[in-house]
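J.: Got a sequence here, can you model it:
(2 chains)
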Amino acid sequence: MVYISQQLLNMLQLGSIYAVIALGYTMVYGVLSLINFAHGDLFMIGAFLCFIATAKLHLPFVVVLVVAAIGTAAIGMAVERLAYRPLRDAPKVSAIITALGVGVFIENFTLALSPYPRHVPEMLPNVSWNLGGLTVSSIQGVIVVLSVLLMVGLDFIVRKTRYGMAMRALAWDIKTLPLMGVSVNAIIALTFAIGAGFGGAAGTMYAMAFPVIDPYMGIMIGWKAFIAAVVGGIGSIRGAMLGGYILGAVETFAAVALPSTYRDFIAFTLLLILLIFRPNGILGVPKTLKV
Amino acid sequence: MRIHTDYLTSRRWLLFVLTGVGFIATVIVSRFGLIDQYVELVAMYVGINIILALSLNLVNGYMGEFSVGHAGFMAVGAYGASILSVKVFSSSAGVWVFPLAVITGGVMAALAAVVVAIPSFKTRGDYLAIVTLSFNMIVKSVLENIDAVGGPRGFLGMEKLTTLPWTFAWTVVSVWAIRNFVYSNIGRGVLSIREDETAGAAMGVDTRKVKLHAFVVSSFFAGVAGGLYAHLLQFISPRTFDIIKSTEILIMVYLGGVGSIAGSITGAVIYTVLIEVLRVLGQWRMVIMPLLLVLLMIFRPKGIFGFMEFRWFEPVARKKKDEAVVPYRAAAREQAREQAGELLAINGLTHYFGGLCALSDFNLRLNSGQIMGIIGPNGSGKTTLFNLISGYYRPTQGSVLFNGAEITRMRPNEINSCGIARTFQNIRLFNNLTVTDNVKVGMFNSVNYNAADAMLRTRRFNDCEGKEVSECVRMLLELFALDKYASEAAKNLPYGLKRRLEIVRALATRPQLLLLDEPAAGMNPSETGALMELVHRIRDEFELTIMVIEHHMSFIMGLCQRIQVLDFGVTIAAGAPDEIKSDKKVIEAYLGSSGVSTRRDK
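T.: As a prediction, the model looks like this:
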C-alpha cells in the first residue's frame, strides 16, 4: 500500500511536468493548428536558464523560476516572430518542418555552447517528511503544487479573461478575428509566450527533480509531453493536463511491473492502442467531415 | 509545372546507357580502388540516403501524409538483413546471401508497415504523425530489449558486403520502382489522397488499399536502405535509428522538394555532401544545417523541386492504337439496358446530427433513364441526402437499395463501384493534378493490373495503361471539349470548366446513377442553358439516370421529369414540374406562409 502510494506520488511529480509541457503544445496547436516541435527544446532552454541562474548567478528559487519562465517565453516569442510568422499562410507541412528545424537548431546551438551535461545545484533545501511510511520530499511537493497553480491560472486566463476569449476566438476562426478589432499577431505572440513560459517553468521543475541536464534532454521529454497532449486531445487545455497525468501514471506503473527498459515501449504501445479507439484523444472533439 | 527537357525526352535511351555506364564505372572504380575510400564511402551514403528520401517522399510528398518515424522501418530492415547474414547464413555462404539479406530486410520492414497503415485508415495528419513517431520509439525500445541482437549495446558481426556497385544498383532499382509505382493507377490513387481524400473515395478509390500499398512499398525500400546501411557500417545499435535519424530523412525530403523524384535525389545528395563538407566546422555544422532548412522553408517552402519533375523521370505511356478498343459508351449502354427498371429505392431514410433531424423518413423511387430534381430551401437536407446515398454519412434509420441490393452501410468507394457517382456542391477537383489525371483517377477501378505489374512495368500494365486508360480518357476529354486543357493543372481551369471536369471525372467511373450537387451554382443564364443541354446529352449518350440538386428553378423545371421538394428534412411535395410549381406547400416553403397573400392585400 505504501509502495503504491509512493508510486502514485512519483506519478504525480512526473505527470505534473508532462502536463505543464503538454500545455505549451496544445495552446499553440489550439490557435495555429501547428505542432510546435521545437517546444521540447524550449523546455530544455528553460532548464539551462535555470542552471545559469542558479549555478552562475546564485539567485533564489523564486527568481530563478521567473527568470527561466520569462527568458524562455522571450525565446518562444522570437521563434514565432522569426520562423513561424513568415509561414503562416504557407502549407501546414512547411511550418511543421520549420518547427523540426528550429528544434534541431536550438539543440545543436546549445550543444555547441555547452558540450557536456551540466549539474544543476540544489535550489531549495530538500526536506523529506515521513507520513506513515510514505516519504514525501519538499521537491515533489513544490513541483506538484506549482504545476497545479500554473494550470489553474492558465485555465482561468483562457476561460475568464479578454485575452483568453481572443485566444479561443482565434482557434475558432483566424480570418474573422481581425474583423472584430483584435490583433491576431498580438494574440499569437501571447500564446507562444505563455506556452514557452510554461515550458521554461517545467524546465526548472525538471532540473529540480532530475538535476543532470544536457542539450538533447528536450527531445524525448518533448515528444512524450506531445504524446500527453495528443492523448488528452490536442488543442484541449484540460485534455493536455489529463494526458500529462495519464502518461505519468502509465510510465510510473510500467516501470513498477516490468524492467525499466520497457517503459517507453509500454507508453508508446498504449498510445497506439488509444489512438485506434479514440483517434481524437480523450477530450478532443472529432472533426466533422464536410462534404 | 515541368522542366521541359525535350532533348532528353527524345533520347530516352540515353538514360539506359548512362545507367549501364554508371554501373560499370562503379564496378571498375571499386575493384581497382581508383577513388579515395572516404569519397567512396560518402558516395555510398548518398545512394542509401536517396533510397531513404525517396521512400519517405512516397508517403509524405505523394500521399500528403506526415510520417515522422521513417527510421523505424530502416531499423527493421537493418536488423532483419543483419540477422539473416550473420545468424542464419555463415559468412562464406556465397554471393547471393547479400541480396537475399537485403530483400529480407525490406520484406520485414514492409510487414511492419502494416502496423502503421492500419491506423492511417481512420486517422491522418497530426495524429498519424504520432502513430509513426510511436512506431519509431517502439521499434527502438523493442530492439533494446532483445539480447540476441545485442540489446542497447548494438549488433556486430556483419561483413562489409555493401559495395559501390551494389549501392548503385539498389539505388537505380529503387528510383525506377518507386517512379513506376507513382505513375500508375495506384499511384494516382495515392495522389488523390493527397489532393482530396473525400473526393478520391467518391471516385471509387479504395483509400485503405492505396494507403496500405503506399506504406508497404515505402517501408520496403526503407528496409532495403537499412540493410545496405548495416552492411556498410558493420555495426548497428538501436540508437542509430532514433528520432534524429528520422528527422534527417525528413530534412532531405523537404530540402529536395515534396512529390518529386528529382527532388528526393537532389535533397539526399545535397544533404549528405553538405554534412561532410561542413565537417570542418565541427559541432557548428549541425547548427547551420537546420538553419538552412528553416530559411529554405521560409523562402522556398516547397523545397528545391517541390511538385516538379524532370520530364525524363516521367514515363511515356506506350500507345497501342492498332488494337480495337471497346468503346466506353457502348459498354455503358449495354450495362444500362440490362438494368432497366427501378434503379434506386430509398426507404424511410432518417439522419440526425446530434439532436437535429436533417432528414426525416425520406422515401424515393427512381427508374432508369430518369432525371430527377431535389429542391428545397437552404438547410432542408438535400446535400445530406446525397451524402447518405454516397456513403459519407451513416443513416440513423432507413435503407438505400441500388439495383435491388442494399448499399446503406457501404463505404463511399464501394458505393461508387456499385455504379453511383457524384459531384460536389463546392467543386472538389484534385487541384494540382492535370485534367487528364483527374479523369484517370475516376478510372481507378477500371484497370486490371496490380501494383506489382505497375512497378515492374509488365505487359499487362502497358496494355491497360497505354490502350484502355489513355484511349478512354482521350475520348471523354474530346467529347466534353476539354482535350486542349489535357495537361493543364485542374486548379488553373476557369470556373465553368471546373464544373464540367468534375462531371467528366464522375463519368469516368462508369456510373449508372449520377448525383449532381448544385451543378449550376454561380453560373449565368447562358452558362446554365449550356449545362442543361450537357446534362441532357450525358443522359442520352451514356444512358444514365441522374439526380440533381439545384436552386435555379428554370434549370430544374426544364430538366427534370420528376421533382421532390424537401423542407427541414421532410418531403413536402413530389411530382412532375407543373404539379410542384402550383403546390401550396412548396410556395409556402419558399416564400413564407403568408408571403404571397399579404403582398396582394396591400
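
J.: Wasn't residue B:369 part of a strand?
T.: No. Assignment of residue B:369 by DSSP: H, G, I helix; E, B strand; the rest coil gives coil, placing it outside any strand.

J.: Can you show me the helices along the stretch 101-250 of chain A?
T.: Secondary structure of the stretch 101-250 of chain A (DSSP state H, counting those that start in this stretch): helices located at A:138-160, A:162-172, A:184-209, A:217-232, A:237-257.

J.: closest one to residue A:114 among the ones you listed?
T.: Of all the helices of the stretch 101-250 of chain A, helix A:217-232 sits nearest to residue A:114, with 11.8 Å by CB to CB. Placement of C-beta: from N, CA and C, glycine included.

J.: List, one by one, the residues from the stretch 1-150 of chain B near chain A.
T.: Within the stretch 1-150 of chain B, the positions near chain A by CB under 8 Å from any CB of the partner chain are B:60, B:66, B:68, B:115, B:118-119, B:122-123, B:126-127, B:129-131, B:133-135, B:137-138, B:140-142, B:144-145.

J.: how does it look with 7 Å?
T.: Proximity of the stretch 1-150 of chain B to chain A, by CB under 7 Å from any CB of the partner chain, involves residues B:66, B:119, B:122-123, B:126-127, B:130-131, B:133-134, B:137-138, B:141-142, B:144-145.

J.: mind listing which of those residues are in helices?
T.: Those of these mapping onto helices are B:119, B:122, B:126-127, B:130-131, B:133-134, B:137-138, B:141-142, B:144, per DSSP state H.

J.: I'd like those laid out as TSV, including pLDDT and neighbour count.
T.: What follows is these, written out as TSV (pLDDT from 0 to 100; neighbours: other CB atoms under 10 Å in any protein chain shown):
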residue	pLDDT	neighbour count
B:119	81	21
B:122	78	13
B:126	73	18
B:127	76	19
B:130	79	28
B:131	85	28
B:133	84	23
B:134	87	27
B:137	88	25
B:138	91	22
B:141	90	19
B:142	92	18
B:144	91	21
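
J.: what about the residue nearest the centre of chain B, which helix or strand?
T.: Taking CA atoms, centre = their mean, the centroid of chain B lies closest to residue B:190, which sits 2.1 Å from it. Following DSSP states H and E, one finds residue B:190 within helix B:185-202.

J.: who touches that helix?
T.: Residues from elsewhere that reach helix B:185-202, judged by CB atoms under 7 Å, 6 or more residues apart in numbering or on different chains: A:289, A:291, B:62-64, B:181, B:203, B:205, B:207, B:210-211, B:213-214, B:390, B:412-413, B:416, B:422, B:424, B:428, B:430-433, B:437, B:440-441, B:444, B:447, B:451, B:454.

J.: Of those, which belong to strands?
T.: residue B:422 (DSSP state E).

J.: For PyMOL, what selects the buried ones among the contacts of helix B:185-202?
T.: Selecting the buried subset of those in PyMOL, with 16 or more other CB atoms under 10 Å in any protein chain shown as the burial test, is done by:
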select buried, (chain A and resi 291) or (chain B and resi 62+63+64+181+203+205+207+210+211+213+214+390+412+413+416+422+424+428+430+433+437+440+441+444+447+451+454)
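
J.: on contacts alone, who are the packing partners of the strand or helix carrying residue B:264?
T.: Using DSSP H and E, residue B:264 maps to helix B:261-277. Using 3 or more CB pairs under 7 Å, 6 or more residues apart in numbering or on different chains; DSSP states H and E as the contact test, the elements touching helix B:261-277 are helix B:37-57, helix B:243-256, strand B:309-310.

J.: What residues of it count as buried?
T.: Quick answer for helix B:261-277 (16+ other CB under 10 Å): B:261-272, B:275-276.

J.: Just the C-alpha atoms of it, please, in PDB.
T.: Extracted in PDB, the C-alpha atoms of helix B:261-277 (Å, rounded to 0.1, in the frame of the first residue of the first chain):
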ATOM      1  CA  ILE B 261      11.800  12.100 -57.600                       C
ATOM      2  CA  ALA B 262      14.300  14.600 -58.800                       C
ATOM      3  CA  GLY B 263      13.700  16.400 -55.500                       C
ATOM      4  CA  SER B 264      14.500  13.500 -53.300                       C
ATOM      5  CA  ILE B 265      17.600  12.700 -55.200                       C
ATOM      6  CA  THR B 266      18.800  16.300 -55.100                       C
ATOM      7  CA  GLY B 267      17.900  16.600 -51.400                       C
ATOM      8  CA  ALA B 268      19.800  13.400 -50.500                       C
ATOM      9  CA  VAL B 269      22.900  14.400 -52.500                       C
ATOM     10  CA  ILE B 270      23.000  18.000 -51.100                       C
ATOM     11  CA  TYR B 271      22.400  17.000 -47.600                       C
ATOM     12  CA  THR B 272      24.900  14.100 -47.500                       C
ATOM     13  CA  VAL B 273      27.600  16.100 -49.200                       C
ATOM     14  CA  LEU B 274      27.000  19.300 -47.200                       C
ATOM     15  CA  ILE B 275      27.100  17.400 -43.900                       C
ATOM     16  CA  GLU B 276      30.500  16.000 -45.000                       C
ATOM     17  CA  VAL B 277      31.900  19.300 -46.300                       C
END
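
J.: hmm, who's touching that helix?
T.: With CB under 7 Å, 6+ apart, helix B:261-277 has contacts from B:42, B:45-46, B:49-50, B:53-54, B:57, B:175, B:179, B:251-253, B:255-257, B:285, B:289, B:303-306, B:309-310, B:313.
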